[in-house]
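Enquirer: Build me a structure from this.
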Amino acid sequence: MDLLLWRHAEAEDGSPDTLRKLTPRGEKQARQVAAWLSEHLPKHLRIVASPALRCRQTAEALAQPFETDKRLAVDGNVTGLLVAAGWPDGGDTGARAVLVVGHQPILGRTAALLLSGEEADWTIKKSALWWFSNRTRHGETQTILKAVVSPELL
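Expert: Sure, this is the predicted structure:
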């Protein structure tokens, strides 16, 4: 299974937090990463986003159907994210690839857990994408970091 973690793009300050929208720079960031993703999308991709407006707008840049899940909200946690994504085997949906559009610190803590085995306060930059894959080799489950994409590099 592949798990793609995409942090929302730059958003305006303000409240309520859930209604903060992307800035013009954030819209550009989301389009840049979405363009890269469009060229590399895995087949049968399921997209799930936080219900926060800035996450939905980031996901919309990809122009693919997506769903929202409250477990990915600002106050969510790593366990909720992994359950919502169905990691590592696709969960109830049986998805082979899931793109999660969400927030810090949940995304960074998830990346840390997947790569080091422990949650830690890692930072994922705004609109950056981290792509993980899970496989079994010689009876051992492995998590592989396939790509890290940042809008500044595109």
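Enquirer: Next one: residue 111 from residue 42, what distance?
Expert: 18 Å (C-beta to C-beta, to the nearest Å). All C-beta spots, glycine's among them, are computed from the backbone N, C-alpha and C.
Enquirer: Go ahead and confirm residue 70 touches residue 51.
Expert: Yes. Using C-beta atoms under 8 Å, residue 70 and residue 51 qualify as a contacting pair, with a distance of 6.2 Å.
Enquirer: which of those two has more neighbours?
Expert: The residue with more neighbours, out of residue 70 and residue 51, is residue 51; 15 against 11, by other C-beta atoms under 10 Å.
Enquirer: That one and residue 117, how far apart?
Expert: 30 Å.
Enquirer: now do residue 101
Expert: The gap separating residue 101 from residue 117 is 25 Å, by C-beta to C-beta.
Enquirer: Show me which of these two is the more surrounded one.
Expert: Set residue 101 next to residue 117 and count neighbours by other C-beta under 10 Å: residue 101 wins out with 31 against 9.
Enquirer: got a list of what the nearest residue to the more buried one once chain neighbours are set aside touches?
Expert: Excluding its sequence neighbours, the residue lying closest to residue 101 (C-beta to C-beta, 6 or more residues apart in numbering) is residue 49, at 3.9 Å. Contacts for residue 49 were tallied using C-beta atoms under 8 Å, 6 or more residues apart in numbering; they are 55-56, 58-59, 66-69, 72, 100-102.
Enquirer: All good on my end, thank you.
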